[in-house]
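>>> Give me a 3D structure for the following:
(one chain, ligands or ions: 1)
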Amino acid sequence: MERRFSRSAESTMDSFIMGLVEVAARPGMISFATGLPDNTLFDTQALVRAMEEVMSEDPCGALQYDTPTGYIPLRKRIAERCGRVLGFDVGYEDVLMTSGSQVCFDLIGKMFLDHGDVMAVENPGYLGAIQAYSAYSPDFRGVDIDGEGPDLGQLSAAVGDGARLFYSIPNHQNPSGVSYSEDARRGVAEIIGGSGCVLVEDDAYGELGYHGRVGRTMKSMIPDDTILTGSFSKTISPGMRVGWMVVPEWMRKKAGRSLEACCLQSNTFCQRVIDRFMADVDYDSYLDVLRRGYARKKQVFMDAMEDCLPDTVSWNDPEGGMFVWLRTPEGTDAMRLYERALEGKLVVMPGHPFHVRGGANTIRLNFATPSDEQIADGMRVLGAACRDLYS
Ligand SMILES: Cc1ncc(COP(=O)(O)O)c(C=O)c1O
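The predicted structure is shown next:
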């Protein structure tokens, strides 16, 4: 008997990240590897209060199925925020709630990709999303990212070849921490607008600019060509699994149907808790606290890097988010640094898996997860490993 998986199952890429989560969970390990938010910034008290309120006010409603596209008061709250903070007007009907934003990538792949279709992705790009798209076996075209944003020539070539999608993270990119400049945003809008290629604007870290939001949203520039995906994972709780996508009106029906077919709906209880939480805490002030928390953490990390790392390696200074991008000398393989750090019980994330080409000499470092003490200890290990390998 021959057992056979579908083409979709066979083509779904492996993710290096999940393996690292397991390694990082071993006793005594310090992790700069994963993308977990800072535990100390969860507002557990306000969340418990919101849960109690939700359960005392309408317990059956909170435990029941809801409309597939999500809890309407929360969708209205997100739509209001889109108008006031993200720079574009949208009705709640075009805001679709999902179980984390990861689901959006699968739904978008399902809606737009057939086997072999051209799809542009940032190089480096967010591995989790690329893994989701890989199930639809597109022909990935890497668009190099530098400190300013994407290589517009490469993007233009991919769109010229009929790219169906461009998946992008204009603010505080995972993995590199880069945010697009105004020129880059304008360039992307000019290439994508009216081309037939749909832009996926992943805004997972958009609210975590240390001094507020940076740059205009692509959705405000080319609304009809853009799907904006958002998430409460980095701002409230990843475990609650609540994300959303804002789609152009022409996509609304197909997106709603795909969502329903995939999972009926996202978690009713958690959507209601988040809605209540946002009302209770004054969400804008809450985000300011979070931003200050991550800005402080980043500074602790930067200071430790300055103190411990040799000048044979280099890194950037992000304006928001949770990641710093480290470069080892040209021609070296940062996998060696990963292995050497592991011997000292420090887990870092090699940058190579985030690339469709190149990137062997890069490492992604997360400063949100470790405590200040772990940052100091871990950086000493990283510094010693760098000096050993790149003296
Ligand atoms: C850039 C980016 N987008 C999307 C996600 C998925 O997040 P979630 O499914 O928890 O909303 C992540 C998770 O780390 C991410 O880093």
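>>> Up against the ligand, what does the stretch 1-150 of the chain have?
Neighbours of the ligand within the stretch 1-150 of the chain, by Cβ under 6 Å from any ligand atom: Gly35, Gly100, Ser101, Gln102, Tyr126, Gly128, Ala129. No exception for glycine: its C-beta is placed from N, CA and C like everyone else's.
>>> Closest to Gly256 out of these?
Ser101 (16.6 Å; Cβ to Cβ).
>>> Let me know the helix or strand that Thr369 is in.
Using DSSP states H and E, Thr369 falls within no helix or strand.
>>> now the closest residue to it other than its chain neighbours, what's its secondary structure?
Distances taken as Cβ to Cβ, 6 or more residues apart in numbering put Leu36 closest to Thr369, at 4.5 Å, once the chain neighbours are dropped. Following DSSP: H, G, I helix; E, B strand; the rest coil, Leu36 is assigned to coil.
>>> Can you give me the pLDDT of Leu36?
Here the pLDDT value assigned to Leu36 is 88.
>>> quick one, what contacts it?
Contacts for Leu36 (Cβ atoms under 8 Å, 6 or more residues apart in numbering) come out as Pro238, Asn366, Ala368, Thr369.
>>> Run through the bridge partners of the second one.
Counting by DSSP bridges, Asn366 forms beta bridges with Phe323.
>>> Any figure for the gap between it and Gly35?
The gap separating Asn366 from Gly35 is 6 Å, by Cβ to Cβ, to the nearest Å.
>>> list residues touching both of these two?
By Cβ under 8 Å, 6+ apart, the residues touching both Asn366 and Gly35 are Met322, Phe323.
>>> ok so, going back, what two of the residues of the stretch 1-150 of the chain next to the ligand are the furthest from one another?
Applying Cβ to Cβ across those, the maximum distance is between Gly100 and Tyr126, 13.2 Å.
>>> Does Gly230 belong to a helix, a strand or coil?
Following three-state DSSP, Gly230 is assigned to strand.
>>> counting residues per helix, which one in this structure is longest?
Longest helix in the chain, counting residues (DSSP state H): helix 283-308.
>>> Show the subsequent helix or strand relative to that helix.
Defined by DSSP H and E, the subsequent element after helix 283-308 is strand 314-315.
>>> any idea which helix or strand carries His144?
I think there's a mix-up here, since residue 144 is Asp and not His. strand 139-146.
>>> for Ile17, same thing?
Per DSSP H and E: helix 16-24 holds Ile17.
>>> any chance you could map the helices in the stretch 151-300 of the chain?
Along the stretch 151-300 of the chain, the segments classed as helices by DSSP state H, counting those that start in this stretch run 152-160, 182-192, 218-221, 252-263, 268-281, 283-308.
>>> In this model Tyr205 seems to touch Met235, though I could be wrong.
Small correction: residue 235 is Thr, not Met. No: between Thr235 and Tyr205 there is no contact under Cβ atoms under 8 Å: 9.3 Å.
>>> more neighbours, the two?
Using other Cβ atoms under 10 Å as the criterion, Thr235 and Tyr205 rank with Tyr205 on top: 26 against 22.
>>> Next, the contact list for that one, please.
Here Tyr205 is in contact with Ile169, Asn171, His172, Gln173, Asn174, Lys234, Gly320, Gly321, Met322 (Cβ under 8 Å, 6+ apart).
>>> Just give me how far the helix or strand bottoming out on mean pLDDT in the chain sits from the chain centre.
Scoring the helices and strands of the chain by mean pLDDT, DSSP states H and E places helix 16-24 at the bottom, with a mean of 77. How far helix 16-24 lies from its chain's middle: 17 Å, per Cα atoms, centre = their mean, to the nearest Å.
>>> Mind giving me the packing neighbours of that helix?
helix 127-134, strand 346-347, strand 349-350 (3 or more Cβ pairs under 8 Å, 6 or more residues apart in numbering; DSSP states H and E).
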